[in-house]
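Peer 1: below: sequence and its predicted model.
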There are 2 protein chains.
Amino acid sequence: MAKIAVLGYGTVGSGVVEVIKTNSAVVNKKAGEPIEVKYVLDLREFPGDPVQDILTHDFNDILNDDEVSVVVEVMGGTKPAYDFVKASLEKGKSVCTSNKALVAAHGSELLRIAKENNVNFLFEASVGGGIPIIRPLNKSITCDNIEEITGILNGTTNYMLTKMVNEGLEYDDVLKDAQARGYAERDPSADVEGWDTCRKIAILASIATGKEVSFEDISTEGITKISKRDMDYIKKLGMAVKLFATAKFEGEKVWARVAPAVVAPEHPLSFVSDVFNAILVKGDMLGDVMFYGKGAGKLPTASAVVSDIVDAVMHKNINLGISWSEEKQKLEDVKTMKVSKFVRLAYNDKAKALFAVKTGFGDCEITELDGVSGEFAFVTDVYAEGSLDKKLAELENSEGVSEIINTIRLY
Amino acid sequence: MAKIAVLGYGTVGSGVVEVIKTNSAVVNKKAGEPIEVKYVLDLREFPGDPVQDILTHDFNDILNDDEVSVVVEVMGGTKPAYDFVKASLEKGKSVCTSNKALVAAHGSELLRIAKENNVNFLFEASVGGGIPIIRPLNKSITCDNIEEITGILNGTTNYMLTKMVNEGLEYDDVLKDAQARGYAERDPSADVEGWDTCRKIAILASIATGKEVSFEDISTEGITKISKRDMDYIKKLGMAVKLFATAKFEGEKVWARVAPAVVAPEHPLSFVSDVFNAILVKGDMLGDVMFYGKGAGKLPTASAVVSDIVDAVMHKNINLGISWSEEKQKLEDVKTMKVSKFVRLAYNDKAKALFAVKTGFGDCEITELDGVSGEFAFVTDVYAEGSLDKKLAELENSEGVSEIINTIRLY
């Protein structure tokens, strides 16, 4: 009998209790012994809910109970999660978490403490919700030099972008819709500014490099500047827009960025719609592999957490050897990455503006929208982003050009 | 230092040697010790190839060398692979294989022998080539009741179907093209008749049920009956055709089938084109997750084999607990599965034929091709396949109907 404690009885926490209860037959068989939730920690009361019988408001009840071998942290945030997780590991309890903020901020230290105490710190659910990605990166893709990881890691923004393009809506309207459905928070910044995505790619890049990739170092751009009109052009070009998190690896060099990307329909990530997430991993031997599924939601996320609990129960006092060092991975300047850009340009003299585009960028195909005058769009060739931006600044100062309205990188 | 032997220096075998050599830094780090290929077994000579120095023609050199802790079987077929693998396991050597025929025919026995000898029998590359699927099914999706596994598991047929629909070609022409490119064998039966796919879904279904699903019991239909004209209709309907392997699980009941399927464009498997493979797994908690990548090819397949070698080296004398029992899993009659079908029908009296369709199937949408007379197509509602086939037989005998030219199940 393995006894566990669940910290936090919110969406994921109640999902974890539900999965363990509903699927006890399969869970216990895989774990090799029955798993029992001995405590749930929450500040609230849940009158009428069976959880009330095992509810505690005091973390010390859990910490000081030697019967508890696995602590499940699904509170979110770093305070008090960090203190609780660190104390649990130091007491020789394995910890399973879905908390990307915690893993991105303190992963290397917590992995080290787990190793020192011969227990495990597991976080499959912290990236991609239910999608198996952490374990495959650690245990399956073990003989490749990883060249790139690119993912759609935030369901809320992917839902919004899908709705904008499918229904021809403005950003503000789809945001309201996403909030009404409970996909976006009242303060949607963490999603729409790319901060959530940024933490997730920091975790994946840390696994890939074996060093600490700090989320603060990752160039991060959200989806707030994308308009219905941008979408109209991109739709006409037969492309899609996704919020991409990308990390590229070349020897010791690492680039990482979160930003909207225009994607061609042939690309496997282009079809990933609505709240689905997907992660593409490119290995030097393996080529492209992709992992796809529900990136959020109570039961899918809980399923990933419980798979970690099973692993922790199967490996009591055996550290699984998953870690990245506390050495910091330097990131290269993203302006040295090679990109092409979708460019939307307003003109006061079309012939002169076209001439300026041709002078700067050669024979680009020009796209115009029916019924829209005074502007057009084109797609540049590939340049180092720094040089490309210089060329675009020159273009913006050219005769006939009023302004560059927006640019979005092509993937 | 872990010493291994590679049985067979064909495409995959030479890929395994190449991956271990090229990526020795990452492989050795993950394995925790250097991996050295001590022997390659092949009946042929390879003058000028460095492998010549470690080549042997006698399996006993490997079997009797106690230094060899891992044997890599990449010869294909069951003879002599089965004898070599069994003998290796009995001698306390772990075995890694890409050989689906071997795993489908003898998996349960070989897993048992591995367990008895405290070693491992690993076969990540036997399904989906480089795609991590065996390990995720065993180690990640551990707290779900799996409700369904559906995959595109054969790159050759997927390439052919993609080319038929994209280029409007006949089956015979794309087969010739696939043979010219080396995707299809001179005798293409194993691919085009679905036999290769059938062995792979048998392996996945065995993992999911924990019992032996015999490939001989799986209803298997290939792609040979699909014509350019069928494709024209399906394209007009905005759908795709894929060779699907499907296993469905409901309590103790299991259905399994390999057959072409008409797929709607919203389905994540519909975009899987060319030689790519993908496997969709539906869990009762997880929902749909999908694994996508190169299902074949020298280096992707070798990468999966080497990830097994790394696992075997990391778990010397520790059985990983992966097994299915030798108890046979009974399969349900596929005629009890619920399906709808795409139906192509030739008529001698259109009005009467339409009336017969309406009588039998209600108000179906009728699709006709420009410039094609004497036939139309429609899609039925969902029925148990046995009843549907009876209704279709009645339709074929109705006044006005000449014959049912072809039917393809919808997914």
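Peer 2: Great, that's in hand. Numbering: from 1, shown residues only, chains lettered A, B, ... in the order given.

Peer 1: count the residues that sit near the residue lying closest to A:Lys236 once chain neighbours are set aside.
Peer 2: Using C-beta to C-beta, 6 or more residues apart in numbering or on different chains and skipping the chain neighbours, the partner closest in space to A:Lys236 is A:Thr367 (5.9 Å). Quick note: C-beta positions are derived from backbone N, CA and C, even for glycine. By other C-beta atoms under 10 Å in any protein chain shown, 16 other residues sit near A:Thr367.

Peer 1: give the contact list for A:Ser270.
Peer 2: The contact partners of A:Ser270, by C-beta atoms under 8 Å, 6 or more residues apart in numbering or on different chains, come to A:Met239, A:Ala240, A:Lys242, A:Val263, A:Ala264.

Peer 1: show me which of these is closest to A:Met164.
Peer 2: For the contacts of A:Ser270, the closest approach to A:Met164 (C-beta to C-beta) belongs to A:Ala240, at 10.6 Å.

Peer 1: and the helices in chain A?
Peer 2: Taking DSSP state H, the helices of chain A run over residues A:11-22, A:24-31, A:59-63, A:81-90, A:100-116, A:134-135, A:155-167, A:171-180, A:189-192, A:195-209, A:228-236, A:298-314, A:350-361, A:385-396.

Peer 1: looking at these, spot the one closest to A:Tyr39.
Peer 2: Closest to A:Tyr39 of the helices of chain A is helix A:59-63 (C-beta to C-beta; 5.1 Å).

Peer 1: residues in contact with that closest one: which ones?
Peer 2: Contacts for helix A:59-63 (C-beta under 8 Å, 6+ apart): A:Ala5, A:Leu7, A:Tyr39, A:Leu41, A:Thr56, A:Val68, A:Val71, A:Pro80, A:Phe84, A:Ala87, A:Ser88, A:Lys91.

Peer 1: buried residues, it. List them.
Peer 2: The neighbour-count check on helix A:59-63 (16 or more other C-beta atoms under 10 Å in any protein chain shown) flags A:Phe59, A:Ile62, A:Leu63 as buried.

Peer 1: what average pLDDT does it get?
Peer 2: Average pLDDT, helix A:59-63: 98.

Peer 1: roughly how far apart are A:Leu137 and B:Leu137?
Peer 2: For A:Leu137, the distance to B:Leu137 equals 16 Å [C-beta to C-beta, to the nearest Å].

Peer 1: A:Gly400 is in contact with A:Ala356, isn't it?
Peer 2: Yes: contact between A:Gly400 and A:Ala356 holds when scored by C-beta atoms under 8 Å: they sit 6.0 Å apart.

Peer 1: counting neighbours, go ahead and name the busier of those two.
Peer 2: Taking other C-beta under 10 Å, A:Gly400 and A:Ala356 do not tie; A:Ala356 has more neighbours (21 against 16).

Peer 1: pLDDT value on the more buried one, please?
Peer 2: 98.

Peer 1: now swap in A:Gly321 and tell me
Peer 2: Listed pLDDT for A:Gly321 reads 87.

Peer 1: for it, the count of nearby residues, please.
Peer 2: Using other C-beta under 10 Å: A:Gly321 sits among 12 other residues.

Peer 1: OK, contacts around it?
Peer 2: Applying C-beta under 8 Å, 6+ apart, the residues near A:Gly321 are B:Gly32, B:Met314.

Peer 1: for the stretch 151-300 of chain A, give me the ranges with low pLDDT.
Peer 2: Scanning the stretch 151-300 of chain A for pLDDT under 70 picks out nothing.
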